[in-house]
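K.L.:
how does the following fold in three dimensions:
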Amino acid sequence: MLLKELFERLWRRSKELKHEEKAVVAADPYMQEGRENQNAELADDTIEDIEKTIQTVRLDLIQSARLEIRKALAKMKIGTYGMCEVCKRPIDIARLKAFPQATMCLKCSKEAEGERKK
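P.N.:
Sure thing, here's the model as predicted:
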């Protein structure tokens, strides 16, 4: 029963993120109709560049989240969901309930995060 609930949550979140991704792409300031790419005011260019950077970061975050969800759904399909992909131990149920796209236990996740920060 828990697996079905988590599957449904992941599936819904995946759809939400897909819609968010489309909205972010549509809001790209470089792709707006009527955008002046010559003789624009410096302030306008700067604002567009800042907005473009924000949209790029948002898109990266959305795509990363969608990838995590796809990995978790694939693990459900092949029967390895809930097992840490690093240490192969079961992921705590509380962690899966809070973060259903988790593919690593909390310990391995913290270690991986520490390695990325170095």
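K.L.:
C-terminal to the longest helix along the chain, what's the next element?
P.N.:
Looking across the chain with DSSP state H, the single longest helix is helix 42-78. Counting by DSSP states H and E, the next helix or strand C-terminal to helix 42-78 is helix 93-98.
K.L.:
who does that next one touch, helix- and strand-wise?
P.N.:
Packed against helix 93-98 by the contact rule (3 or more C-beta pairs under 8 Å, 6 or more residues apart in numbering; DSSP states H and E) you find helix 2-26. Using the backbone N, CA and C atoms, a C-beta is placed for each residue, glycine as well.
K.L.:
flag every buried residue along the helix it packs on.
P.N.:
By 16 or more other C-beta atoms under 10 Å, the buried positions in helix 2-26 come out as 6-7, 10, 13-14, 17, 20-21, 24.
K.L.:
closest to residue 105 out of those?
P.N.:
Comparing the buried residues of helix 2-26 against residue 105 with C-beta to C-beta places residue 6 closest, at 15.9 Å.
K.L.:
can you tell me the closest non-neighbouring residue to that closest one?
P.N.:
For residue 6, ignoring the flanking residues on the chain, the nearest one in space by C-beta to C-beta, 6 or more residues apart in numbering is residue 100 at 4.4 Å.
K.L.:
tell me the domain boundaries of this structure?
P.N.:
1-80, 82-118 (automatic domain parsing).
K.L.:
if you average the pLDDT over the last one, what comes out?
P.N.:
In this model, domain 82-118 has a mean pLDDT of 93.
K.L.:
just checking, residue 65 touches residue 17?
P.N.:
Yes - between residue 65 and residue 17 there is a contact under C-beta atoms under 8 Å: 5.6 Å.
K.L.:
where does residue 103 land in three-state SS?
P.N.:
When classified by DSSP: H, G, I helix; E, B strand; the rest coil, residue 103 comes out as coil.
K.L.:
distance-wise, check it relative to residue 17.
P.N.:
Distance, residue 103 to residue 17, using C-beta to C-beta, to the nearest Å: 17 Å.
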